[in-house]
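Enquirer: Kindly generate the corresponding structure for this input.
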Amino acid sequence: MNHFMRPKSFDNIYRNNHTYNIKGLFVVFIILNLVVLFLPWTQNIQVKGAVTTLYQEHRPQQLNSPIPGRISKWYVKNGDFVKKGDTILLLSEIKEDYMDPRLVERTEQQVKAKKGVRGFYEAKIGTATAQMQSISKSRDLKLQQLTVKLAQLKMKLLAEEAELKAVDNELVLYEDQFQRQKKLYDEGLVSLTQFQQKSASYQNALAKKTSAENKLANTHQDVVNVNLEQSATIQDYSEKLNKTEGERFQSMGLIESSTGDIAKLENQVSNYRIRKGLYYVLASQDGQIADLKKSGIGEILKDGESIGTILPMNVEYAVEIFVKPVDQPLIRKGQRIMCVFDGFPAIVFSGWPNSCYGTFPGKVIAIESNINSKGLFKALVVEDENEKPWPAQIKIGTGVKGIAILNDVSVWYELWRNVNGFPPDFYTSTNDESVNKYEKSK
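Expert: Numbering: from 1, shown residues only. Here you go, the predicted model:
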């Protein structure tokens with residue numbers, strides 16, 4: 001084809017006369033690759049997790065029925081926001097033991113009656129104590145009388161013993177005179193009249209001795225009788241005191257029993273009053289009502305049965321991440337974690353975390369020592385107050401992708417490490433001090 005007759009488009013397409021600098025481009029490409037190999041690269045571990053809360057009271061709370069009952073009225077519906085102490089629903093009683101509308105009043109009457117019985121026994125104890133004091137005084141007075149009487153008898157006994165001794169002396173004298181008169185009479189030296197006089201005197205002295213001995217014996221018997229009376233008096237009054245004291249102890253025992261019954265009844269009154277307050281199921285904290293289980297009026301709730309869920313409003317969020325055992329030694333308290341939340345757009349360059357967009361920094365505050373059923377270790381990550389705040393729109397259960405920031409190395413080193421299958425470098429986090437400050441502030 002003639003050069004002058006070729007279309008201009010042919011030259012534009014084939015460019016036969018154009019020269020290319022392939023060698024230069026290749027050199028530039030090699031130089032760029034060499035430069036990239038010496039660029040810094042941040043080692044990292046990518047983990048998955050979910051949004052949770054740092055404190056148990058910030059998690060969704062179950063609403064449970066404190067007592068069995070029948071639903072009488074609903075005050076809320078699904079999606080309503082409530083304050084702590086707001087009424088969720090009203091229950092009515094289904095147990096016949098608590099159906100009496102005057103149950104508390106009647107139980108208080110029983111308490112009052114028991115207290116009256118206890119007061120009666122207390123008065124009885126006072127009477128028994130006074131009676132014991134009277135019996136003791138009577139016993140002491142009686143014993144004093146017997147003591148005085150015994151002393152009088154002892155004095156009388158001494159006098160009678162002295163009298164008997166005098167009579168004995170007199171009898172000895174009359175007996176001696178009688179013997180002499182009898183001898184003289186037998187010898188005829190005295191008359192019969194004189195002998196009879198001495199004999200009569202001797203007989204009189206002998207009779208006086210017998211009378212004195214009888215009186216002394218009677219006095220001894222009186223002493224014995226008084227001693228016996230003393231013993232009988234002590235025994236009699238002891239029985240009376242023991243009987244009265246037994247009644248007193250019995251009353252004391254009845255008082256203790258009444259005190260126990262009163263305490264039991266007062267406990268029942270308190271329980272009944274508390275139970276009446278439990279008819280109203282109240283919100284345990286500020287939050288939103290969700291997942292109500294019962295659908296209408298008149299349904300029966302069992303003791304402890306779930307009514308629904310209350311979602312707390314003021315929540316301090318955290319992220320729980322799950323780490324493989326091979327990566328667990330590389331996760332340390334205070335370590336920086338870049339979080340990517342589901343639903344929030346992000347551009348992630350894992351090796352250059354400072355160039356990422358849509359990631360939110362956090363730090364590890366706790367690592368569990370036990371492995372879960374899926375063979376992973378759990379760690380808790382919280383928002384770093386000194387960096388970009390987490391989005392307010394996140395909710396519990398939101399999926400999270402975490403990037404644990406490790407050591408800064410060169411790109412060539414990271415490629416060499418991956419080719420050889422080596423793990424990331426183990427190092428000590430520089431954020432441990434910040435975590436300690438965080439824990440102290442909590």
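Enquirer: for the protein, what spans make up the strands?
Expert: 40-53, 61-64, 69-74, 81-82, 87-92, 280-282, 287-290, 300-301, 306-312, 317-323, 336-341, 360-371, 377-383, 399-410 (DSSP state E).
Enquirer: Can you give me the buried ones in stretch 311-325?
Expert: Using 16 or more other CB atoms under 10 Å as the test for burial, stretch 311-325 gives Leu311, Pro312, Val315, Tyr317, Ala318, Val319, Glu320, Ile321, Phe322, Val323. (Glycine included, C-beta is placed from N, CA and C.)
Enquirer: mind listing what the fourth one touches?
Expert: Residues counted as contacts of Tyr317 (CB atoms under 8 Å, 6 or more residues apart in numbering) are Val51, Thr52, Thr53, Leu54, Glu383, Trp390, Ile394, Ile396.
Enquirer: Look up how far Gln288 lies from the last one.
Expert: Same thing as Ile396. To Gln288, Ile396 is 12 Å away according to CB to CB, to the nearest Å.
Enquirer: hmm, back to that, out of the strands of the chain, which comes closest to Lys264?
Expert: Judged by CB to CB, the one of these that comes nearest to Lys264 is strand 69-74, at 24.7 Å.
Enquirer: roughly how far is that closest one from the heart of the chain?
Expert: What separates the centre of strand 69-74 from the centre of its chain is 32 Å, taken as CA atoms, centre = their mean, to the nearest Å.
Enquirer: ok, back up a step: let me know the closest of the contacts of Tyr317 to Asn267.
Expert: Nearest member of these to Asn267, counting by CB to CB, is Thr53, at 38.3 Å.
Enquirer: Which positions are bridged to that closest one in the beta structure?
Expert: Thr53 forms beta bridges with Tyr317, as assigned by DSSP bridges.
Enquirer: count of residues packed around it?
Expert: Neighbour count of Thr53, defined by other CB atoms under 10 Å: 16.
Enquirer: got it, and Tyr121?
Expert: Neighbours of Tyr121 under the rule other CB under 10 Å: 19.
Enquirer: And for Gln230?
Expert: Gln230 has 17 neighbours, counted by other CB under 10 Å.
Enquirer: Is it in contact with Leu146, as I believe?
Expert: Yes: Gln230 is within contact range of Leu146, at 4.9 Å (criterion: CB atoms under 8 Å).
Enquirer: what about the helices in the stretch 151-300 of the chain?
Expert: Along the stretch 151-300 of the chain, counting by DSSP state H, counting those that start in this stretch, helices occupy 192-277.
Enquirer: Which parts of this structure belong to which domain?
Expert: What automatic domain parsing lists as the domains of the chain is 3-54+316-441, 61-93+279-311, 103-277.
Enquirer: Need those domains in TSV (columns: mean pLDDT).
Expert: As requested, those are exported to TSV (pLDDT from 0 to 100):
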stretch	mean pLDDT
domain 3-54+316-441	76
domain 61-93+279-311	90
domain 103-277	85
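Enquirer: Kindly provide the distance from the residue nearest in space to the middle of the chain to Ala151.
Expert: By CA atoms, centre = their mean, the mean C-alpha position of the chain lies nearest to Asn267, the distance being 17.2 Å. Distance from Asn267 to Ala151, counting by CB to CB: 63 Å.
Enquirer: cool, Glu96 as well?
Expert: Note on Glu96: its distance to Ala151, by CB to CB, is 78 Å.
Enquirer: quick one: which of the two has more around it?
Expert: Per other CB under 10 Å, whichever of Glu96 and Ala151 has more neighbours is Ala151, with 11 against 7.
Enquirer: ok, that one - contacts?
Expert: Contacts of Ala151 (CB under 8 Å, 6+ apart): none.
Enquirer: hmm, 10 Å instead?
Expert: Val226 (CB atoms under 10 Å, 6 or more residues apart in numbering).
Enquirer: again, but for Glu170
Expert: Ser201, Asn204, Ala205, Leu206, Lys208, Lys209.
Enquirer: Make TSV from those and add neighbour count and distance to Val340 to it.
Expert: Shown next, in TSV, are the contacts of Glu170 (neighbours: other CB atoms under 10 Å; distance: CB to CB, whole Å):
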residue	neighbour count	distance to Val340
Ser201	17	151
Asn204	13	146
Ala205	21	144
Leu206	16	143
Lys208	18	140
Lys209	18	138
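Enquirer: List just the nearest of those residues to Gly362.
Expert: Using CB to CB, the contacts of Glu170 come closest to Gly362 at Lys209, 129.6 Å.
Enquirer: how close does the closest one get to Ala166?
Expert: Lys209 is 10 Å from Ala166, by CB to CB.
Enquirer: Glu256 now?
Expert: Counting by CB to CB, the gap from Glu256 to Ala166 is 69 Å.
Enquirer: which residues touch Glu266?
Expert: Here Glu266 is in contact with Thr107, Glu108, Gln110, Val111, Lys114, Lys115 (CB under 10 Å, 6+ apart).
Enquirer: PyMOL command for the buried members of those residues?
Expert: In PyMOL, a selection of the buried entries from the contacts of Glu266 looks like this (16+ other CB under 10 Å):
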select buried, resi 107+108+110+111+114+115
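Enquirer: what's the most distant pair in the contacts of Glu266?
Expert: Counting by CB to CB, the most remote pair of the contacts of Glu266 is Thr107 and Lys115, 12.9 Å apart.
Enquirer: anything in contact with each of these two?
Expert: Counting by CB under 10 Å, 6+ apart, the common neighbours of Thr107 and Lys115 are Leu265, Glu266.
Enquirer: For the nearest residue to Tyr272 once chain neighbours are set aside, grab the count of nearby residues.
Expert: Using CB to CB, 6 or more residues apart in numbering and skipping residues adjacent in sequence, the residue nearest Tyr272 is Val104, 4.8 Å away. Applying other CB under 10 Å, we find 17 residues neighbouring Val104.
Enquirer: Quick check: the gap between Trp416 and Leu37.
Expert: 10 Å.
Enquirer: and if you look at Asp222?
Expert: Asp222 is 138 Å from Leu37, by CB to CB.
Enquirer: And Glu57, by the same measure?
Expert: 52 Å.
Enquirer: So which of the two has more stuff around it?
Expert: A count of neighbours by other CB under 10 Å puts Leu37 above the other of Glu57 and Leu37, at 15 against 12.
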